[in-house]
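> from the sequence below, what's the structure:
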Amino acid sequence: MAELSAPERQMIVQWCMSAQFFSEQTLQETISRIYDDEAPALQDTVDAVNLRLTRYSLELRSSMSQTSGERMWALINTKADAIATGATPYSPTLLTILKHLIEQVYTDQHGNFAVDLHTAVREATSKGSSSYSRRDAQEAIDWFCSDGWLQVTNGWVVLGRRSCIELQAYLTDGFAEYMRTCALCKEMATQGVMCDACGAFIHPYCAGRLRETSKAQMLSCPTCHQLMESPSSFGPGKPGIRHNLVKSDVSQTQRDEDDE
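Below you'll find the predicted structure:
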């Protein structure tokens, strides 16, 4: 195994600062290229790079695709406003629209973490100037999607992979009552199924893994171990599971105060 020498580590740091958002495969290929195919373990490299990035209030973080299991990485700012910092190419109007759409998606009343595209365009238009058209709004959404902040799936606007990585702290701090975590992988869950016996959430990909390990190819809850024959589902186009907003009044009051 190659040692994490300073020159190679610095090259990886510079590459990460330039790329900002990339797949785990791309990261692994870059590490192998820099180390001439004698690369150290991926996690060792990430730990060493993050140690170097700490002085700049930066950190490499990752998130797994909830449907495919593919892992994506992003370079995030650990101190500043996540949306404003990560979305620097956008104008103040676009930043306002992006923030509004992310919050609309995340607080979807049906618990699907999704907003239909027609509604998203209307909401985006309402946040623009008086001359801001629906076409402008659609182009803005397309831009957000190409940058990984949002994603359109079968006519539904959902959080993009980049948002799932970079905005975890923002969403957890500001919208804790909407947060769902997969019982198997412990990452944020915005689509999947719920165990009706204990309320545990499971990603579609993680549910598939559990079925594969079962002799009868049946899904059992990793928390209470009960058989999940017809679990409730949530996600774009699904029936949905409404949030139990125990803290909603307090959280909404705090958000209203922050907006004043």
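> backbone dihedrals for S57, please?
S57 adopts backbone torsions of phi 60, psi 40, taken as degrees, to the nearest 10.
> any idea how far the nearest residue to it once chain neighbours are set aside lies from R33?
Residue nearest to S57 in three dimensions, not counting chain neighbours: K79, with 4.5 Å by C-beta to C-beta, 6 or more residues apart in numbering. Yep, even glycine has a C-beta here, placed from its N, CA and C like the rest. Distance of K79 to R33, given as C-beta to C-beta, to the nearest Å: 31 Å.
> what does D142 give?
According to C-beta to C-beta, D142 and R33 sit 32 Å apart.
> ok, now V46?
For V46, the distance to R33 - C-beta to C-beta - is 16 Å.
> looking at the two, which one has more neighbours?
V46 (20 against 12; other C-beta atoms under 10 Å).
> quick check: that one touching R61?
No: in this structure, V46 is not within contact of R61 by C-beta atoms under 8 Å, at 9.2 Å.
> name the helix or strand for the residue nearest to S57, please.
Here K79 sits in a region with no helix or strand, counting by DSSP states H and E.
> what's the local residue count around it?
Counted with other C-beta under 10 Å, the neighbours of K79 add up to 10.
> was I right about it contacting R55?
No: applying C-beta under 8 Å as the test, K79 and R55 come out as separate, 12.0 Å apart.
> E70: neighbour count?
The tally of other residues near E70 (other C-beta under 10 Å) stands at 13.
> distance check, it against R211.
E70 is 19 Å from R211, where distance means C-beta to C-beta.
> residues in contact with Q104?
Shown in contact with Q104 (C-beta atoms under 8 Å, 6 or more residues apart in numbering): 115, 119-120, 123.
> element containing it?
Secondary structure from DSSP H and E places Q104 in helix 92-106.
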